[in-house]
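Asks: Predicted model and sequence below, questions to follow.
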Amino acid sequence: MPGRALDVLIVEDEVLLATELEFLVQEAGYHPVGCAMSSDEAVDLARSLHPDLALVDVHLRDGPTGVEVVRKIHDDCGCVALFMTANVKRLPDDFAGACGVIGKPYSEHGVKTALAYLAVCLEEGHAPGLPPVGLALAPAYAELWGLTETPRSA
């Protein structure tokens with residue numbers, strides 16, 4: 001694990017999934033700093049908490065607003081976001097500024113491995129290799145983090 005644990009914001013409107021993600025983030029050695037269930041709550045928490053990473057579902061309590069949430073927290077707060085969604089096909093080609101996506105259903109191992117991989121990318125500014133199975137990087141982040149090979153799909 002990198003030198004500093006990531007502060008992670010969870011944006012998920014299903015309480016059981018949010019609780020599970022919070023547990024997984026903590027178990028992996030990172031800090032869950034908040035949980036949002038709607039787009040306004042997510043943006044407000046991102047602005048006030050300044051997380052290193054936000055795990056964002058596409059469909060929130062107020063509708064399929066996750067893409068707009070990611071754009072706002074990326075553009076306004078400088079937060080890196082990762083989509084965690086069953087609606088992978090709803091993502092725009094530019095991933096709305098997110099670093100990538102993990103498709104639902106996901107496994108405990110898949111989430112922990114993706115978090116460890118992203119922690120290295122965020123701390124060191126380059127990828128430690130290809131992304132783990134289940135994590136698809138956005139093309140812009142694959143390029144930013146120095147991947148020359150095509151990243152694996154989720």
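Replies: It's in. Numbering: from 1, shown residues only.

Asks: Report pLDDT for the closest residue to Ala36 other than its chain neighbours.
Replies: Nearest residue to Ala36 in three dimensions, chain neighbours excluded: Ala42, at 3.8 Å (Cβ to Cβ, 6 or more residues apart in numbering). (C-beta placed from N, C-alpha, C; glycine too.) Ala42 carries a pLDDT value of 96.

Asks: repeat for Glu124
Replies: Reading off the per-residue confidence, Glu124 sits at a pLDDT of 95.

Asks: Name all residues that make contact with the residue nearest to Ala36.
Replies: Leu9, Val11, Ala36, Ala54, Val56, Leu60, Val69, Ile73 (Cβ atoms under 8 Å, 6 or more residues apart in numbering).

Asks: Just want the phi and psi numbers for the first one.
Replies: The one in question is Leu9. In terms of degrees, to the nearest 10, the main-chain angles of Leu9 are phi -100, psi 130.

Asks: repeat for the fifth one
Replies: Dihedral pair for Val56: phi -120, psi 130, per degrees, to the nearest 10.

Asks: Tell me if I'm right that it and Asn87 touch.
Replies: No. If you go by Cβ atoms under 8 Å, Val56 and Asn87 don't touch, sitting 11.3 Å apart.

Asks: Give me the more crowded residue out of these two.
Replies: Just comparing Val56 and Asn87: by other Cβ atoms under 10 Å the higher neighbour count belongs to Val56, 29 against 16.

Asks: So for that one, what's the pLDDT?
Replies: In this prediction, Val56 carries a pLDDT score of 97.

Asks: What sits closest to it if chain neighbours are left out?
Replies: Val11 (4.3 Å).

Asks: same check, this time on Pro105
Replies: Leaving aside its sequence neighbours, Pro105 sits nearest to Ala86 (Cβ to Cβ, 6+ apart; 7.5 Å).

Asks: Who are the contact partners of the one you found?
Replies: Counted by Cβ under 8 Å, 6+ apart, Ala86 has contacts Gly103, Lys104, Pro105.

Asks: mind listing the helices for this structure?
Replies: Using DSSP state H, the helices of the chain run over 15-27, 39-49, 66-77, 108-124, 139-144.
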